[in-house]
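**Q** Whatever this is, show me its structure:
(one chain, ligands or ions: 1)
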Amino acid sequence: MGGLTAAIRLARAGCSVTVLEARDKPGGLASSIDVEGFRFDAGPYVLLDRPGLKWAFQQLELQLEDKLQLNRIPDVYQVQRDDDAEVQVFDSLERTANGLENRWPGCGDRYRRFIHRMQKTYSRLQPLQWMPRPGVAAAMRTGAWREIPFILRSLQSVLGSAKLPKTVANALGIWTHVAGQTMAEAPSPLAMVPAVIHTIGAYYPAGGIGTVPAALFDTANSLEVDFRFSSRVKQIRCRNRHAVGVETEAGDYHPADAIISNVGLGTYLRLLDDNGLAAIPDRVRDGLAKLPLQSPGVCAYLAVKGPTKPPYLRFRLHDEPDGCRLLITPSVMDPAVAHDGWAPARLLAPMRHDRAESGGEAGQQAFLQQVLAEDWWRQEFDDVRVLATRIPMQWGSTFHLFRDSMNPVMTGEFMRAGRLAHRSPWVRRFYLTGSATHPGQWVSFCAVSGVLTANRLLKDLGS
Ligand SMILES: Cc1cc2nc3c(=O)[nH]c(=O)nc-3n(C[C@H](O)[C@H](O)[C@H](O)COP(=O)(O)OP(=O)(O)OC[C@H]3O[C@@H](n4cnc5c(N)ncnc54)[C@H](O)[C@@H]3O)c2cc1C
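**A** The predicted model follows:
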């Protein structure tokens, strides 16, 4: 996503752009895959930041609504912890609050107050997402400075202060469970997600999230961006601490005035040549190598039989490490994805990166089998076929992920310390984009990061 939006922005500004992509198609983690006649989104399943994606499209002189049909999800998700009450989140605040009130008297109004507070926080903080390195001046101008105490807190602390039952707080913080981290580690902005769902909405693009990079790829092609697929970069060559070119595994060399990498941490830890590496202080390199990583977890792509009913997303929380599960049923949003009585569905389970890495292939497969053997999700359907599966190692090899990870996990600490800068502080004419450069990993954030990186580069080229 980051590479595609950066390429379009640069091409529109008149630059000659070459994209070197290791895979044989564009889109990275956000692309779709076809299995036995069904189209699946490989990774992402929900668009929670429509304004961010719209902003990125506008910067690329594209109208989001012309390119994609985004359908608002009415019955967004449910969370069930073993032997505990179920929490349902709808796009409607009233419907959600009434459901909570019925189960936990007094909770409905507390939930409404919490959502109103988070809506205010969101409107103050949102503009910062579209700035490369928001500083004091930006915080003063947007009113975001009022939210500094909020930013300094953890998700757990923010949700705790809402005085909601623990079951509800866990359901609202579900986005951190899917990222495989604890609420105490997670950044407070995740507490704004329920407010976003009730105001802006959660969306499913007709045809799946894979249509987002597909639309960007079409645009980039029309601007004559030169895509070289199956071109894996082996090394980024530097001279006198300037990035000067890129060498591929096949031995091709591409000289360039400037280079953008969408490989996140792996850029610094794997791709730079010795001249580039020498420019990075040892202490910084050690710090980068120690950042906690996020595993893509395990995933099963399914064909299911029987009526699929809302909600679109069903989360299940077990009281055990890596106890979060997610069942996704796209046919709830788009019945046309079903054929011959079968519909596509997906089962995800996050896995902590350290556990995935130390367990190796055997440990990852054992976890996948454990998830597949669970009854709770099978009971939803009359029949199930497992069409394909992915464990972290396979995500890593398919998408060329650094240590089989989706880059640094966005802990509160990392968010406050600042993610990887769009312009390298150490190597000149060298830039980074994608999830590692933005405080969040969503598809929209990566699209925004590509625009910001390209803007930074254009400014430098002009100066
Ligand atoms: C299971 C899962 C669920 C997710 N759910 C959601 C969701 O619901 N909503 C949401 O918004 N986001 C979700 N995400 C996150 C989102 O998909 C990613 O953060 C985002 O797509 C990453 O985009 P990116 O620009 O950082 O690059 P990537 O997608 O990582 O792309 C990097 C590209 O670089 C290529 N590459 C790597 N190394 C090299 C090399 N040496 N040479 C050449 N090419 C190379 C790769 O092949 C890849 O195409 C999910 C991700 C996963 C895995």
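**Q** what does the stretch 1-150 of the chain have sitting close to the ligand?
**A** Counting by Cβ under 6 Å from any ligand atom, the stretch 1-150 of the chain comes close to the ligand at 1-2, 20-23, 28-30, 43-46. Heads up, the C-betas are built off the backbone N, CA and C, glycines and all.
**Q** Drop anything exposed from those residues.
**A** Buried members of these, scored by 16 or more other Cβ atoms under 10 Å, are 1, 2, 20, 21, 28, 29, 30, 43, 44, 45, 46.
**Q** out of these, who's nearest residue 165?
**A** Here the nearest of these to residue 165, counting by Cβ to Cβ, is residue 46; it sits at 24.6 Å.
**Q** quick one on the thing from earlier: and which of the residues of the stretch 1-150 of the chain next to the ligand is nearest to residue 136?
**A** Using Cβ to Cβ, residue 2 is the member of those that sits closest to residue 136, with 26.8 Å.
**Q** In the buried ones among the residues of the stretch 1-150 of the chain next to the ligand, find the pair that's most separated.
**A** 20 and 46 (30.0 Å).
**Q** What residues does the closest residue to residue 242 other than its chain neighbours make contact with?
**A** Excluding its sequence neighbours, the residue lying closest to residue 242 (Cβ to Cβ, 6 or more residues apart in numbering) is residue 428, at 4.5 Å. Residue 428 is in contact with 241, 242, 243, counting by Cβ atoms under 8 Å, 6 or more residues apart in numbering.
**Q** how near is the closest residue to the first one other than its chain neighbours to the ligand?
**A** By the measure of Cβ to Cβ, 6+ apart, the closest residue to residue 241 outside its immediate chain neighbours is residue 279, 4.4 Å from it. If you measure residue 279 against the ligand using Cβ to the nearest ligand atom, to the nearest Å, the figure is 20 Å.
**Q** Could you report the distance from residue 125 to the ligand?
**A** The gap separating residue 125 from the ligand is 18 Å, by Cβ to the nearest ligand atom.
**Q** got a list of what the residue in the chain that the ligand sits nearest to touches?
**A** Nearest to the ligand, among the residues of the chain, is residue 28, at 2.4 Å (Cβ to the nearest ligand atom). The contact partners of residue 28, by Cβ under 8 Å, 6+ apart, come to 1, 3, 213, 262, 399.
**Q** swap in residue 122?
**A** 192, 195, 196, 199.
**Q** and the nearest residue to residue 145 once chain neighbours are set aside, what element?
**A** Closest residue to residue 145 apart from its sequence neighbours, by Cβ to Cβ, 6+ apart: residue 139 at 4.3 Å. Using DSSP states H and E, residue 139 sits in helix 136-142.
**Q** Outside of that helix itself, which residues are in contact with it?
**A** Outside helix 136-142, the residues that touch it by Cβ under 8 Å, 6+ apart are 124, 125, 127, 128, 131, 144, 145, 148.
**Q** Buried subset of these, written for PyMOL?
**A** Entered in PyMOL, the line below selects the buried ones among the contacts of helix 136-142, by 16+ other Cβ under 10 Å:
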select buried, resi 124+125+127+128+144
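**Q** Just the ones in helices from the contacts of helix 136-142, please.
**A** 124, 125, 148 (DSSP state H).
**Q** for the stretch 251-400 of the chain, what spans make up the strands?
**A** Here the stretch 251-400 of the chain has its strands, by DSSP state E, counting those that start in this stretch, at 253-255, 259-261, 298-305, 313-317, 324-328, 342-349, 383-390.
**Q** Low-confidence ranges, the chain, go.
**A** 463 (pLDDT under 70).
**Q** ok, now which ones touch residue 427?
**A** 238, 241, 242, 243, 272, 276, 279, 280.
**Q** isn't the second one right up against residue 277?
**A** No - applying Cβ atoms under 8 Å, one finds residue 241 not in contact with residue 277, separated by 10.4 Å.
**Q** Now the nearest residue to residue 48 once chain neighbours are set aside. Its backbone dihedrals?
**A** Using Cβ to Cβ, 6+ apart and skipping the chain neighbours, the partner closest in space to residue 48 is residue 202 (5.5 Å). Torsion angles at residue 202 (phi, psi; degrees, to the nearest 10) stand at phi -110, psi 140.
**Q** try residue 236
**A** According to degrees, to the nearest 10, residue 236 has phi -100, psi 120.
**Q** Could you check how far the closest residue to it other than its chain neighbours is from residue 254?
**A** For residue 236, ignoring the flanking residues on the chain, the nearest one in space by Cβ to Cβ, 6+ apart is residue 271 at 4.9 Å. As judged by Cβ to Cβ, to the nearest Å, residue 271 and residue 254 stand 13 Å apart.
**Q** give the contact list for residue 391.
**A** By Cβ under 8 Å, 6+ apart, residue 391 lies in contact with 298, 356, 361, 364, 365, 367, 368.
**Q** How about residue 162?
**A** Contacts of residue 162 by Cβ under 8 Å, 6+ apart are 110, 111, 113, 114, 169.
**Q** Which members of these are classed as buried?
**A** Buried members of these, scored by 16+ other Cβ under 10 Å, are 110, 111, 114, 169.
**Q** Residue 250: neighbour count?
**A** 10 (other Cβ atoms under 10 Å).
**Q** Surely it touches residue 231?
**A** Yes - the criterion here is Cβ under 8 Å, and residue 250 meets it with residue 231 at 6.9 Å.
**Q** Return the alpha-carbon coordinates of stretch 394-412 using CSV.
**A** Provided in CSV are the C-alpha atoms of stretch 394-412 (Å, rounded to 0.1, in the frame of the first residue of the first chain):
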residue,chain,number,x,y,z
GLN,A,394,4.2,-19.0,5.2
TRP,A,395,3.1,-15.4,5.6
GLY,A,396,6.7,-14.5,5.8
SER,A,397,7.8,-16.4,2.7
THR,A,398,4.8,-15.4,0.7
PHE,A,399,5.0,-11.7,1.5
HIS,A,400,8.8,-11.4,2.2
LEU,A,401,8.2,-10.3,5.7
PHE,A,402,11.1,-9.3,8.0
ARG,A,403,11.5,-12.2,10.5
ASP,A,404,8.0,-13.4,9.5
SER,A,405,6.5,-10.2,11.1
MET,A,406,4.3,-7.4,10.1
ASN,A,407,7.0,-5.1,11.4
PRO,A,408,7.1,-3.6,14.9
VAL,A,409,4.0,-4.1,17.0
MET,A,410,2.5,-0.7,17.8
THR,A,411,2.9,-0.5,21.5
GLY,A,412,2.1,2.7,23.4
